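*Asks:* 3D, please:
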Amino acid sequence: MKTEVRRMDGEQRRTLILELLNTEKEPLSGTALARRMGVSRQVIVQDIALLRATNKNILSTNKGYVIYGKQEGSLTCKRVFAVKHTDEEMREELYCIVDAGAKVLDVIIEHDVYGQISADLFINSRRDVDEFMDKIVSNKVKPLKELTRDVHFHTVEADDEKTLNLVERRLREKQYLIS
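*Replies:* Predicted coordinates:
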């Protein structure tokens, strides 16, 4: 959908942002939204903050903004898995989940001082896994799990319980699952 760049006020722009986030299948970056609307990325960041303040379920992922809870088919079954593995095994752990047909929504750690810390991931495929891993390497960042001696959690979403059971079995076989 090509949006005609025209002068619009903030309310009109935020309405359009919601419309785009609800209709696009892929996350939209702040830069892409800014380009489509003829404003700066900072204006979009402020608009997103205002939309979040009105209880819109807009999440910022490593690929851009998405609306959480948007009906994208019947992905309604969720389960949280407690896992532990090395940095070298991280890619394989995520492959276990997406190859079973599930989606990794987030990563969560329980920090001794800060409590629960989570980050949205929205990883659906091997390509998403590879892009995520490439960002970790190219940005020279440490995964959250390193703050908790590799113990972390993933919220996983799938079409049905059967798929979640397959994810669990694969994680257990690789000895990533914490019982």
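*Asks:* how far off centre is the helix or strand that A32 is a member of?
*Replies:* Using DSSP states H and E, A32 sits in helix 30-37. Averaging C-alpha positions (C-alpha atoms, centre = their mean, to the nearest Å) puts helix 30-37 20 Å from its chain's average.
*Asks:* distance between the very next helix or strand once past that helix and the chain's centre?
*Replies:* Once helix 30-37 ends, the next helix or strand along the chain (criterion: DSSP H and E) is helix 41-53. Put simply, helix 41-53 sits 18 Å off its chain's centre (C-alpha atoms, centre = their mean).
*Asks:* quick one: the helices in the chain, in order.
*Replies:* For the chain, the helices defined by DSSP state H occupy 10-23, 30-37, 41-53, 90-99, 126-138, 161-173.
*Asks:* elements contacting the worst-scoring helix or strand of the chain on mean pLDDT?
*Replies:* Ranked by mean pLDDT, DSSP states H and E, the weakest helix or strand in the chain is strand 58-61, scoring a mean of 82. Counting contacts by 3 or more C-beta pairs under 8 Å, 6 or more residues apart in numbering; DSSP states H and E, strand 58-61 packs against helix 41-53, strand 64-67, strand 115-123. (Each C-beta comes from the backbone N, C-alpha and C, glycine too.)
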